[in-house]
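Peer 1: Okay, here's the prediction I keep looking at, along with the sequence it came from:
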Amino acid sequence: MPLLVKICGLSTRETLDVALEGGADMVGFVFFPPSPRHISLETARELGKQAKGRAVKVALTVDADDATIENIIETLRPDILQLHGKETTARLRDLKQKFGLPLMKALPVETAADLAPLPGYAGVADRILFDARAPKDATRPGGLGAPFDWHVLENLDLALPYMVSGGLNAENVTEAVRVTRAGGVDVSSGVERTPGVKDPELIRAFIRAARATQELMVR
């Protein structure tokens, strides 16, 4: 299967267009005020229209309530909800029943012990995103530019599609996929010049590197 490439934390028409023209499969939009990548509903509406039919639109939330998610769905019209907080399996079931959208659950990873909740989430989520566990004093759960030990996933037996994120860039994406055998890669800070400010050339370079990785894995 083709390696899925997701560019997350997009916030401007220009950088979204670079991601779309570069061939990103998924484009992610952050709805979490503490993040430098947070966008307003007004911006989401415009970017959602721009991305429609060109890539899978992903709405990233962190322990958001129903009203917030409903507003996001009405404006962005996302294809997938990415849950990046401490949402329980019961919360996932509730969201799926209420909104009827596929769910991607982010799971913070530092050691093999962090995989303990995986069976529960795998029973209700449509996709898992393995991300680096944030430091205890962090103000947000992801987008911090630090990779985790990919070898934690080396012998993973998971029927559900999964992606990896956390500190990825054009230089290390090949190794990340080789070790984890992930079906997708998700980048945010690795294509930025400063937190929240995407760099068009870094976006293009990451997508090229990911596509080259896919070709290597096929051989």
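Peer 2: Good, I have the coordinates.
Peer 1: Show me what Y162 bridges to in the sheet.
Peer 2: Beta bridges link Y162 to I128 when assigned by DSSP bridges.
Peer 1: the strands in this protein, which residues?
Peer 2: Counting by DSSP state E, the chain has these strands, from start to end: 4-7, 26-31, 56-61, 80-83, 103-109, 127-132, 162-165, 184-187, 192-194, 197-198.
Peer 1: Parallel or antiparallel, list what pairs with the longest one.
Peer 2: Take DSSP bridges as the rule and strand 103-109 pairs in its sheet with strand 80-83 (parallel), strand 127-132 (parallel).
Peer 1: Out of these, which gets nearest to P2?
Peer 2: strand 127-132 (14.7 Å; Cβ to Cβ). Where you see a C-beta, it was placed from the backbone N, CA and C, and this is true even at glycine.
Peer 1: what angle do the closest one and strand 56-61 make?
Peer 2: Comparing the axes of strand 127-132 and strand 56-61 via axes from the mean of the first three to the mean of the last three Cα atoms, to 10 degrees yields an angle of 60 degrees.
Peer 1: Check this protein for its longest helix and report it.
Peer 2: In the chain, taking DSSP state H as the definition, the longest helix is helix 200-218.
Peer 1: Below-threshold pLDDT in this structure: ranges please.
Peer 2: 135-145, 217-219 (pLDDT under 70).
Peer 1: check contacts around the residue nearest to the spatial centre of it.
Peer 2: Central residue of the chain (Cα atoms, centre = their mean): D186, 4.9 Å from the mean position. Contact analysis of D186 by Cβ atoms under 8 Å, 6 or more residues apart in numbering lists 6, 8, 26, 28, 129, 131, 163-165, 168.
Peer 1: Show me which of those residues is closest to S40.
Peer 2: G28 (15.8 Å).
Peer 1: Just give the closest residue to the closest one, not the sequence neighbours.
Peer 2: Spatial nearest neighbour of G28, excluding adjacent residues (Cβ to Cβ, 6 or more residues apart in numbering): C8 at 3.3 Å.
Peer 1: what do you get for A19?
Peer 2: Using Cβ to Cβ, 6+ apart and skipping residues adjacent in sequence, the residue nearest A19 is I7, 4.2 Å away.
Peer 1: circling back to that earlier point, what distance do you get for the residue nearest to the centre of the chain to K96?
Peer 2: 21 Å (Cβ to Cβ, to the nearest Å).
Peer 1: try P161
Peer 2: Noted for P161: a distance of 16 Å to K96, by Cβ to Cβ.
Peer 1: Next: R181.
Peer 2: Applying Cβ to Cβ, one obtains 27 Å for the distance of R181 from K96.
Peer 1: Also K198?
Peer 2: The value you get for K198 to K96, if Cβ to Cβ is used, is 31 Å.
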